[in-house]
Structures are given as structure tokens and as C-alpha cells.
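In: with the input below, show me the fold.
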Amino acid sequence: RMLSLEECLRSADECPAPIVTITGGEPLLYPEIIELVAGILARGKHIQFCTNALLLTEFLPQLPAHKNLTLNIHLDGLEETHDRILGHTGAFRSALDAITAAKRLGFRVCTNTTVFRDTDLLEIELLFSKLTELGVDGILVAPGFDYAAVGEEIFLVKRDIELKFREIYTMSQRFRFWSTPMYLRFLKGEKSLQCTPWGNPTRNPLGWKAPCYLITDGHYPTYRLMMENTDWERYGVGRDQRCSQCMMHCGFEPTVVNEIGKSWRDMVEMAIWNLT
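Out: Down below sits the predicted model:
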């Protein structure tokens, strides 16, 4: 079933997170998406609006270019690669057209790129150059994690991630990455972090999903019940076999917030990252 507008807004009220991620595919297919965006912004929360941009250009006149709204457009490569991954001819061109139109209208725009096992890093560098030319405000990049619910051979295991992200880390010196430097150093194997599974709580039509975006051990009718009834200490690298290869941003970027005060190097690096 589909969540009603009332259920969506009630979920935003019961969870104290300051940022609400509205996810796709293409969330613009939701019949009351404009009302949902307006309702969340009226509550003083920030929105990361994650879209493949297939419908975005058409909807831009109806969306507010609000300071708390970020359009997060998914791009996994240049035209041939991105269209193949999405299974939709013209998806890449639609995304670039939407970025151009959104920037012209004053929207904050970031992009999100998933790195897979067969990702060509030269192609990714060319993609980031193109996105920079278009004026995107930031670039997010994360590994595709091979978890049981997917069961495909395109995803990365931890050793693959470290090797690829050693090269990607050097790109962060030339492009405006929004992925934090601590997380990027973790991805290239330089820093040790443990997952914070409750850092990005997920609400879907079945309820609040526990323990995380990737693993489902149960659903709860309220955010409070999910937080109180999930044994959070069971999860993470070295605790649950399903977590052994995971380095996903949804669990580890929240850890950066908890770890930032433990190292002078991290504090200085994060201060420079925030200022620049």
C-alpha cells in the first residue's frame, strides 16, 4: 500500500531527526508530493529530495526553491552507463536537463553516485567534471554494498571498496564532495569506524524498519517502539555477519558526528571541509 500524506507527516513529527530524506526512484510519482514537501518544510526540517530526475524538470515550477530543500539527483556514470543501470534510455539526458533548469531557478542541487564493482573511475572523474561545469552545489559518492536482499554480482566487498576509494579520495581534492573526509578515509581503509544503525531511521509502508535501511529484522508502528525494542548492540561489523562487508553512508556517516571530537586531526579536517 501507499502511505497517506497524513501518515508521512505524522512520521516526520514523531522522529526528531532534523533532515527528512524523501527517496526514489522517482518520488514525484507520489500523488501528494508537493503537499508533502510543503508540510515538512513548514515543520522547520531540511529535505534531501532523492530523485532519478525523470520527472523533475516538469515538476520544478511546483517545488519551492527553499533554503532547506536540496534536490539530490542520482547519477551512476556517463550517458551509456547511467541509462543501462537505470534501464531507461534518455535518463542521463533528463538528469542533466533537470540540473540545468534547477540551478537556473535557484535550487540547491547535489548529486549522488554509487560506485559498483565494474565502475570505471576515469568515467566517474569525467562525470564529476561535467557536474561541476553545470554548477552542482555538492557531490555525494558511496559504495554499492552487496547485501543479501539484493544477491547480485555487481556490488563491492570491503577490499574492493578500499582500493577504489583510494583513487576517489584524490578526486575529493578537486571536486566539491559533500561526503565527509572522515567517511572517505574510512572507505579507503585508513580509518576505523563502527556503524550507527539508528543514524538514518527508515519509515516505509510497513512501518519503522529495523535495524537499518539495508537490513530488515522487523517493522514497528511507531518510531519510539522501533528505538526501544531494537537490540542495537547486535548489529555492526564483528557482531552480525550481514554487516561484515558494509561501509554504507547511511550507517557510517552518522558515526562521524559521534567521533569528530576524539581527534584533533579530524576536527581540523572537518573544520576546513565545512568552511570550503
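In: just say helix, strand or coil for the closest residue to Gln194 other than its chain neighbours.
Out: Nearest non-adjacent residue to Gln194, counting by Cβ to Cβ, 6 or more residues apart in numbering: Gly236, 5.3 Å away. For glycine as for every other residue, the C-beta is placed from the backbone atoms N, C-alpha and C. On the three-state scheme (DSSP: H, G, I helix; E, B strand; the rest coil), Gly236 is labelled coil.
In: then Pro254?
Out: Per three-state DSSP, Pro254 ends up helix.
In: wasn't Leu54 part of a strand?
Out: No - applying three-state DSSP, one finds Leu54 to be coil, outside a strand.
In: okay, now it: neighbour count?
Out: Neighbour count for Leu54, taken as other Cβ atoms under 10 Å: 19.
In: what do you get for Trp198?
Out: 17.
In: what pLDDT does the model give it?
Out: pLDDT, Trp198: 94.
In: residues contacting it?
Out: By Cβ atoms under 8 Å, 6 or more residues apart in numbering, the residues touching Trp198 are 211-212, 227, 230, 232.
In: flag every buried residue along stretch 126-133.
Out: By neighbour count on 16 or more other Cβ atoms under 10 Å, the buried set for stretch 126-133 is 127-128, 131.
In: residues in a beta bridge with Leu211, which ones?
Out: Quick fix: residue 211 reads Pro, not Leu. Thr216 (DSSP bridges).
In: from the buried residues of stretch 126-133, which single one is nearest Val37?
Out: Using Cβ to Cβ, Leu131 comes nearest to Val37 of those, at 23.5 Å.
In: where's the closest one relative to Phe59, distance?
Out: Computed as Cβ to Cβ, to the nearest Å, the Leu131 to Phe59 distance reads 21 Å.
In: how far away is the residue lying closest to Pro254 once chain neighbours are set aside from Pro16?
Out: Leaving out its chain neighbours, the residue that sits closest to Pro254 by Cβ to Cβ, 6+ apart is Gly199, at 2.5 Å. Taking Cβ to Cβ as the measure, Gly199 and Pro16 are separated by 13 Å.
In: between those two, which one's more packed in?
Out: Gly199 (19 against 8).
In: you'd agree the more buried one is up against Met248?
Out: No - counting by Cβ atoms under 8 Å, Met248 is not a contact partner of Gly199; they are 10.7 Å apart.
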